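Chemist: Fold the following for me, if possible:
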Amino acid sequence: MPDHIHILIGMRPSCCLSDLVREIKKASNEFVDQKRFSEFRFQWQEGYGAFSYSHSALDDVIKYIQNQKEQHRKRTFKQEYKEFLTKYQIEHKDEYLFQWIE
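Modeler: Below you'll find the model as predicted:
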């Protein structure tokens with residue numbers, strides 16, 4: 001998707017999620033810049049969202065990610081993300097969420 005990605009990973013409880021996201025962003029920034037996929041300098045915005053799922057839900061999560069193009073014909077990333085926050089009862093303030101591309 002042009003405004004976000006879904007990444008499904010398995011993590012050990014001892015792994016620090018913020019360190020992992022930092023390294024993914026750093027490596028992908030360097031990759032996009034080296035390959036010159038854009039005439040502009042690529043950069044992720046600050047922040048990220050992360051949701052955990054039980055092992056028994058993996059097939060559903062994989063299907064959801066595989067069908068994200070279809071999912072986003074029905075609703076935007078902003079709508080999707082806010083629905084996740086509501087569904088999982090995550091308190092938030094809209095002004096601290098992403099800079100939405102609309």
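
Chemist: host element of S18?
Modeler: Using DSSP states H and E, S18 maps to helix 17-35.

Chemist: for S14, same thing?
Modeler: Per DSSP H and E: nothing holds S14, as it lies in no helix or strand.

Chemist: To what extent is it buried, counted in neighbours?
Modeler: Using other C-beta atoms under 10 Å, S14 has 5 neighbouring residues. In this view, the C-beta of every residue, glycine as well, is placed from N, C-alpha and C.

Chemist: Over to K74?
Modeler: 8.

Chemist: Give me the next element, helix or strand, following the helix holding S18.
Modeler: Sequence-wise, the next helix or strand downstream of helix 17-35 (DSSP H and E) is helix 58-66.

Chemist: Tell me which residues of the helix-or-strand element of the chain with minimal mean pLDDT come out buried.
Modeler: In the chain, no helix or strand scores lower on mean pLDDT, DSSP states H and E than helix 68-74, which sits at a mean of 85. Within helix 68-74, the residues scored as buried using 16 or more other C-beta atoms under 10 Å are H72.

Chemist: Contacts for it next, please.
Modeler: M1, H6, Y64, E80 (C-beta atoms under 8 Å, 6 or more residues apart in numbering).
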